[in-house]
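# Pasting a predicted model and its sequence here:
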Amino acid sequence: EVVFLPGKIGFQFKGVIVTKVEEGFQAYDHGIKPGWKLAKINGKPAPTATVDIIKTIRSLFGENKTAAVVFEVPPTDDEDRIGRISQKPDVKEGDAPDKGKE
């Protein structure tokens, strides 16, 4: 969860996907990256339309409230590759791994 204070957040998005992060603003300072997906805003599911997300955040800021945003972060290429490598093949009941053959 990332808490944004009222003011310029500094990221652009299309639908719920972050497309650009501007250096020197809150999103950049919090480490937000393009490709992250807005999942929740202040505990509620994020709207899916860009205009509705903007309205939601502006409404909070207009009341001088913070916007607590939960992002879904896609795995990095390395994390995805590690996940694939570390997956073990299915072992069926009764199968035993080969131990040294004599």
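Arrived safely, thanks for sending.

# Please count neighbours and contacts with C-alpha atoms only from this point.
OK.

# ok now do G43, which residues does it touch?
Each residue near G43 by CA atoms under 8 Å, 6 or more residues apart in numbering is listed here: 68-69.

# how close does it sit to V21?
According to CA to CA, to the nearest Å, G43 stands 23 Å off from V21.

# now swap in K33 and tell me
7 Å.

# Packing partners of the host helix or strand of L60?
Counting by DSSP states H and E, the element that carries L60 is helix 50-62. For helix 50-62, the elements it packs on are strand 67-72, judged by 3 or more CA pairs under 8 Å, 6 or more residues apart in numbering; DSSP states H and E.

# Can you give me the buried ones in the strand it packs on?
Buried residues in strand 67-72, defined by neighbour count with 16 or more other CA atoms under 10 Å: 67-71.

# roughly how far is that strand from the heart of the chain?
Relative to the centre of its chain, strand 67-72 is centred 8 Å away, using CA atoms, centre = their mean, to the nearest Å.

# quick one: strands adjacent to that strand?
Sheet pairing for strand 67-72, assigned by DSSP bridges, gives strand 2-4 (antiparallel), strand 37-41 (antiparallel).
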